[in-house]
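S.K.: Sequence first, then the predicted structure:
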Amino acid sequence: MFKRVSGLNIIAASLALIPAFAMAQETQVVKIGFSSPLTGPQASAGKDNQGGLMMAIERLNAQPITVGGKKIKFDVIAEDDQADPKSGVAVAQKLADQGVKAIVGPYNSGVTIPASRVYNDAGIVVATVASNPKITQQGFATLFRVAASDSQLGGKMALYAAKELKFKRVAVIDDRTAYGQGLAQEFIKVAKANGIDVVSTDFTNDKATDFTAILTSIKGKKPDAVFLGGYAPQGGPIKRQMKQLGVDVPLMGGDGICSPEMGRLGGDAIGESVYCTQGGTMLDKAKEGKVFSDEYQKKYNRPAETYAVSFYDGMMLIAQAMKQANSVDPKQFGPALAKISYKGVAGQYDFDANHDLKQSPVTVYRFKDGLPVPLTSY
């Protein structure tokens with residue numbers, strides 16, 4: 001005989017299943033902050049960064065990951081810090097007030113140094129690409145550098161200049177930003193230690209467009225090359241004006257000039273006599289890097305520039321730390337991030353006691369047809 005089941009029993013059984021079903025489907029929204037220049041001279045870099053972050057967010061939300069028994073949906077709050085320290089601090093306070101759990105950014109060292117105190121006081125995890133060594137020397141527990149530092153970028157360019165390019169006399173210009181100064185100082189230190197004579201040091205600013213006086217002075221010192229501690233909005237015009245003034249020597253720099261923006265701003269002056277360094281291994285040499293570059297081009301109809309991949313990896317690192325800590329609380333996943341060992345698109349991520357990368361290979365690039373082309377990892 002079949003056992004008769006009443007309608008009430010069926011309803012009761014169904015109701016008993018609802019909490020478990022609801023729990024299994026529960027989604028928690030986790031706010032992630034983004035800080036980079038989205039307007040002004042460095043807007044191209046900022047939009048490049050944002051593209052990399054959003055690729056990671058879309059991939060994570062499509063999976064999605066589960067933390068603490070809940071599916072996680074990441075929601076990005078993007079802010080324009082204008083590459084300006086004062087604006088960067090205001091952005092930091094705004095993002096902290098909105099309850100973000102982590103920040104991917106800022107991009108500029110001059111923004112990151114003052115803004116990082118606000119993020120630290122709020123207990124927010126920060127994954128920055130800003131390269132000035134002072135950033136991680138502050139000892140903030142939730143602050144991590146996910147790219148090479150100035151000591152690696154400037155130092156490796158100086159080594160390459162001395163050992164491979166055989167330069168003996170170099171003039172140095174910096175833009176007086178925390179990034180530009182830090183990069184130039186590291187270049188000078190390693191250049192001198194490897195037999196290069198630094199014939200001059202000149203200063204400009206990150207809003208300047210006319211470098212005639214500086215370059216005329218440099219021309220008289222007959223250097224083998226010029227090194228710029230600064231960004232593409234100054235690098236492009238500097239190389240163009242070098243050509244106009246007959247300063248027919250290579251221009252070198254760090255990751256700030258290692259982007260297609262140099263070609264757009266410098267025109268036909270950006271030939272094969274421009275060298276730059278960028279953290280990470282050569283993307284096109286690794287399968288994951290080639291896939292990332294192709295996907296970025298397809299999605300945004302433009303090539304990934306300097307740090308799109310680092311912003312992508314930075315977000316993936318944060319998500320992995322949340323999974324390992326089984327928590328979206330920065331007090332829990334911050335320590336997990338400090339101990340993480342993660343293979344990203346741009347390379348291996350393991351942090352030292354200062355939260356700098358233990359291993360950060362640097363790739364040297366040379367421009368061709370207005371675009372940086374990797375030469376070697378150094």
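M.R.: Structure received.

S.K.: List the residues that contact residue 361.
M.R.: By C-beta atoms under 8 Å, 6 or more residues apart in numbering, residue 361 lies in contact with 279, 280, 281, 347, 377, 378. Every C-beta, even on glycine, is put in place using the N, C-alpha and C of the backbone.

S.K.: what do you get if the cut-off is 10 Å, keeping everything else the same?
M.R.: 148, 152, 156, 279, 280, 281, 282, 346, 347, 348, 377, 378 (C-beta atoms under 10 Å, 6 or more residues apart in numbering).

S.K.: among these, which ones are buried?
M.R.: With burial judged by 16 or more other C-beta atoms under 10 Å, the buried subset of the contacts of residue 361 is 148, 152, 156, 279, 280, 281, 282, 346, 347, 378.

S.K.: Using TSV, lay out these together with distance to residue 110 and secondary structure.
M.R.: Output for those, formatted as TSV (distance: C-beta to C-beta, whole Å; DSSP: H, G, I helix; E, B strand; the rest coil):
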residue	distance to residue 110	secondary structure
148	17	coil
152	19	helix
156	22	helix
279	18	strand
280	22	coil
281	27	coil
282	29	coil
346	23	coil
347	25	coil
378	26	coil
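
S.K.: so residue 73 makes contact with residue 30?
M.R.: Yes: contact criterion C-beta atoms under 10 Å: residue 73 and residue 30 qualify, at 7.2 Å.

S.K.: out of those two, which sits in the busier spot?
M.R.: The neighbour count for residue 73 versus residue 30, taken as other C-beta atoms under 10 Å, is higher for residue 30 (21 against 14).

S.K.: Let's verify the more buried one: helix, strand, or coil?
M.R.: The three-state label given to residue 30 by DSSP: H, G, I helix; E, B strand; the rest coil is strand.

S.K.: cool, and residue 201?
M.R.: strand.

S.K.: Tell me how many other residues surround it.
M.R.: Using other C-beta under 10 Å, the number of residues around residue 201 comes to 14.

S.K.: List the beta-bridge partners for it.
M.R.: Beta-bridge partners of residue 201, counted by DSSP bridges, are residue 172.

S.K.: any idea how far it lies from residue 183?
M.R.: Relative to residue 183, residue 201 is positioned 13 Å away (C-beta to C-beta, to the nearest Å).

S.K.: hmm, back to that, from the contacts of residue 361, pick the one nearest residue 364.
M.R.: Of all the contacts of residue 361, residue 378 has the smallest distance to residue 364: 5.3 Å, by C-beta to C-beta.

S.K.: tell me the pLDDT at the closest one?
M.R.: pLDDT, residue 378: 79.

S.K.: list the contacts for it?
M.R.: Neighbour list for residue 378: 152, 155-157, 159-160, 163-164, 277, 361-364 [criterion: C-beta under 10 Å, 6+ apart].

S.K.: Show me the common contact partners of residue 73 and residue 30, please.
M.R.: 60, 65.

S.K.: thinking again about what came up before, and the least confident of the contacts of residue 378?
M.R.: Among these, residue 361 has the lowest pLDDT, at 80.

S.K.: In its sheet, which strands sit next to the strand or helix carrying residue 276, and in what direction?
M.R.: According to DSSP states H and E, residue 276 maps onto strand 274-279. Strand pairing for strand 274-279, using DSSP bridges, gives strand 251-253 (parallel), strand 362-368 (antiparallel).

S.K.: Okay, buried residues for the shortest one please.
M.R.: Pointing back at strand 251-253 there. If you call a residue buried by 16+ other C-beta under 10 Å, then strand 251-253 has these buried ones: 251, 252, 253.

S.K.: circling back: deepest of the strands paired with strand 274-279, which one?
M.R.: The highest mean neighbour count among the strands paired with strand 274-279, using mean count of other C-beta atoms under 10 Å, belongs to strand 251-253: a mean of 28.

S.K.: sorry, back to before: got any residues that touch both of residue 201 and residue 183?
M.R.: With C-beta under 10 Å, 6+ apart, residue 201 and residue 183 have common neighbours 172, 174, 227, 229.

S.K.: and of those, the nearest to residue 259?
M.R.: Closest to residue 259 out of these is residue 229 (15.6 Å), distances taken as C-beta to C-beta.

S.K.: ok, the closest one - contacts?
M.R.: Residues near residue 229 by C-beta under 10 Å, 6+ apart: 150, 153-154, 172-177, 179-188, 201, 203-204, 253-254, 256-257.

S.K.: change it to 8 Å
M.R.: Counting by C-beta under 8 Å, 6+ apart, residue 229 makes contact with 154, 172-175, 179-185, 187, 253-254, 256.

S.K.: Next, count neighbours for residue 69.
M.R.: For residue 69, using other C-beta under 10 Å, the count is 10.

S.K.: So for it, what pLDDT did the model give?
M.R.: For residue 69, the pLDDT comes out at 94.

S.K.: if we can go back for a sec, out of the contacts of residue 229, name the ones that lie in strands.
M.R.: 172, 173, 174, 253 (DSSP state E).

S.K.: Rebuild those as CSV, extending it with distance to residue 52 and pLDDT.
M.R.: Output for the ones in strands among the contacts of residue 229, formatted as CSV (distance: C-beta to C-beta, whole Å; pLDDT from 0 to 100):
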residue, distance to residue 52, pLDDT
172, 31, 98
173, 29, 98
174, 27, 96
253, 21, 98
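
S.K.: Right, I'll call it a day here.
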